[in-house]
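Colleague: sequence and predicted structure below; questions after.
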Amino acid sequence: MTSSSMAKTLVKTFLKAPHSLKTKIQAKQLHAQFLKTQPYSPSSTSILISIYANFNLLQHSLLLFNSLNSPPLLAWKSIIKCYSSSGLFANSLTCFVKMRSFGIHPDHSMFPFVIKACVFLKNLRLGESIHGCIIRLGLDFDLFTGNALLNMYAKFQSLQLKGGSKGFAFNVFDGMPKSDELCGRLTQERAKSVIGLDSVTKVLEMMPQRDVVSYNTVIAGNAQNGLYEEALRMVREMGSANMKPDSFTLSSVLPIFAEYVDVMKGKEIHGYAIRHLFDSDFYIGSSLIDMYANCARIEDSCRVFSLLPKRDDISWNSIIAACVQNGVFDEGLKLFRRMLTAKVKPRDVTFSSIMPACAYLTTLHLGKQLHGYIIRGGFDDNVFIASSLVDMYAKCGNIKAAGWIFDQMEHHDMVSWTAIIMGHALHGHGHDALSLFKHMEKDGVKPNYVSYIAVFTACSHAGLMDEAWRFFNGMSQNHGIKPGLEHYAAMADLLGRAGKLNEAYEFISRMHIAPTGSIWSTLLSACRVHKNLELGEKVAKEIFKVDPENVGAYVLMSNMYAASRRWKEAAKMRIFMKKKGIRKEPACSWIEVKNTVHTFISGDKSHPLYDRIFQALKDLLEQIEREGYIPDTNEDFHDVDEEQKKYLLFSHSERLALAFGILSTPAGTTIRITKNIRVCVDCHTAIKLISKVVQREIIVRDNSRFHHFKDGKCSCRDYW
DNA sequence: GTAGGGTTAG
């Protein structure tokens, strides 16, 4: 046997061996053998390049490739593939174009890589040119090439739907030598008829054969483009073509049932996955977590997560997002910590998922820690993260920081605008919020449903009635957004608080959607403030019609009866509540001191420092009484004597938290308190005066907004 | 050659 044929035999044996048996070292040994027998002939070098390319050894492949004067097809193919697998897609395409300029015809096995590169670089025109080239060469009947094309058009369709870029112009099709053997009028006509944005269907129709990958690709494409029914139809068609859905199919189908909030169908898929042993798959795992979370079945999400034999970063991100989106914030934070302990690196998605937990729980110290992590990780220019930071700082009471983050953002999208508008709205900066909204419109960013909630929140917290009417009447006209429950609620709230109770009643009665108990409740609390018991009773009836278990309504009615000294009716309401087993949520305030959250419940004496807190409150009371404070006992409605009422006011949770805050922080420190229900009028007056006597800024967040107390005044100007 | 996770409200 000649040395050259020996080398060829060696290569053949090598290539035929199962991949698991091949090692990089063996490849290098083969290279040495080759050098001895067949030094640097173009064909032997190409074989070596292809072996190195198989191991993804780009440097080795390149070194050999560059030694060739006119590389043959195999060499080009290997380099293009190697570039593509290394993620160097631009190089891969440049190489392809260069090869064409050498007059070399590509073969079918090279196109999947080249097409993938076009997808990655989001270059549709180049992709279409290459498709033209494929048709001219008559290679569009190749299954792998066809699948790659399907994927390309599907991806570009979703890119177009999301308004993505079309990439730079780069036209191989026009530049192709006209002497191509297969370049005839027929193929040119075909190219014209196939290439276009609706090409997924056309490519699919022309494919002489389809396999599971073809179906999966089209199903995924439809699912990602929101064509859910079409995707499901394809799954059925796949079944009739005797192809079984695999893990790829399932992970495209699960998000559809998540979107449909159809937990029964989702469970069916879960069952199928278990029967076919796909349930240990990463992809299926995170799709299942997400599907259950979307269907408000967070326990099932957690179960899927705990049963996963292996987890990657996306599994962690999925379960964290699932918890936070379902309001299980503590669990979300716990899992985030576990993720760090498990040495799984958090990514941009992790931060934008976890940040709302800090915003909701008002844990500013944690939010700041995460912000530090974000800056160190270089994630701070990510628009999702920046928006979540704006929101977190605003909700934690630091609207200035929220503004800085917002101003630093290079590009503002609708969500970031909405977050900053809502921030100002919650802090009672109504005019700032509205001018930001106008700025957003001027910037050409279209508001959505949520943006208008922010606008109305701004109007309602600042008492901007006329502006609110203008926006209410303009929202469907200017932006095609129909007012929903939240928008109606804000309008009803504004009318009610302005004392236009009957107008509010008419407004709610004429809503184009059925009013809920909570909308009527807005009016009921206005009735209480404006002491209109008669209308209150009428409104309460409406509430109990749609929501017989509405705790707030019972409490409000009982309080209203008490305020008019109709104790019997007040007691009746409370007895009714007891019978029905409805319990009023206890008032609760919390304050963060030295990274620890301290919780206070109204009247609770269990805090270890209670005696000192009580003494501090007594001292503060004396001081503010000197400033003219008179307890407003109207606010507390128990059927008890005046002295006791004074004591009950005294033990409101926000006052306990405040006294504790004053005791445990250095003079001059801003105090931030969060409360689960609204601050009462008496506490509001007291805290205003306390801010003056202790010379501190006090920020209280209740369940609907912020109050900034300073020098005896509040940012809400007593309108809240 | 094909698949999964994110920000604003509630």
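Modeller: Sure thing, it's come through. Every value quoted in this text rests on a predicted model; they were computed, and no experiment measured them.
Colleague: okay, CA-based contacts and neighbour counts for the rest of this
Modeller: Noted.
Colleague: I figured A:K710 was touching A:V700, is that so?
Modeller: No: contact criterion CA atoms under 8 Å: A:K710 and A:V700 do not qualify, at 11.4 Å.
Colleague: more neighbours, those two?
Modeller: For the pair A:K710 and A:V700, the greater number of neighbours falls to A:V700 (27 against 22), based on other CA atoms under 10 Å.
Colleague: residues touching that one, list them.
Modeller: By CA atoms under 8 Å, 6 or more residues apart in numbering, A:V700 lies in contact with A:R672, A:I673, A:T674, A:K675, A:F706, A:H707, A:H708, A:F709.
Colleague: among the residues you listed, which ones lie close to DNA strand B?
Modeller: For DNA strand B, no contacts are drawn from the contacts of A:V700 by CA under 7 Å from any atom of the strand.
Colleague: can you pick the most crowded of the residues you listed?
Modeller: Busiest of the contacts of A:V700 [other CA under 10 Å] is A:F706, holding 28 neighbours.
Colleague: OK, contacts around that one?
Modeller: Contacts of A:F706 (CA under 8 Å, 6+ apart): A:G397, A:L426, A:H427, A:G428, A:I699, A:V700.
Colleague: just read off the phi/psi values of it.
Modeller: Main-chain dihedrals, A:F706, degrees, to the nearest 10: phi -110, psi 150.
Colleague: pLDDT-wise, which helix or strand of chain A ranks last?
Modeller: The least trusted helix or strand in chain A, going by mean pLDDT, DSSP states H and E, turns out to be helix A:172-175, with a mean of 34.
Colleague: how does chain A divide into domains?
Modeller: According to automatic domain parsing, chain A comprises the domains A:3-255, A:484-584, A:588-714.
Colleague: which SS state does the residue in the stretch 451-600 of chain A positioned nearest to DNA strand B fall under?
Modeller: Per CA to the nearest atom of the strand, A:S451 is where the stretch 451-600 of chain A lies closest to DNA strand B, at 5.5 Å. Using DSSP: H, G, I helix; E, B strand; the rest coil, the secondary structure recorded for A:S451 is helix.
Colleague: contacting residues around it?
Modeller: Contacts of A:S451 by CA under 8 Å, 6+ apart are A:M414, A:V415, A:W417, A:T418, A:I421, A:M422.
Colleague: number of nearby residues for the last one?
Modeller: In other words, A:M422. There are 30 residues near A:M422, going by other CA under 10 Å.
Colleague: what of the fourth one?
Modeller: A:T418 sits with 28 neighbouring residues when counted by other CA under 10 Å.
Colleague: not counting sequence-adjacent ones, nearest residue to the residue positioned nearest the centre of chain A?
Modeller: Centroid-nearest residue in chain A: A:S353, 6.2 Å away (criterion: CA atoms, centre = their mean). Computed as CA to CA, 6 or more residues apart in numbering, the closest residue to A:S353 that is not its neighbour in sequence is A:A321, at 5.0 Å.
Colleague: A:F257 too?
Modeller: A:G266 (5.7 Å).
Colleague: also A:A231?
Modeller: A:A231 sits nearest to A:I219 (CA to CA, 6+ apart), 4.7 Å away.
Colleague: quick check: mean pLDDT of the helix or strand containing that neighbour?
Modeller: Here A:I219, judged by DSSP states H and E, is contained in helix A:212-224. Predicted confidence along helix A:212-224 averages 94 (mean pLDDT).
Colleague: and that helix, what's buried?
Modeller: A:212-224 (16 or more other CA atoms under 10 Å).
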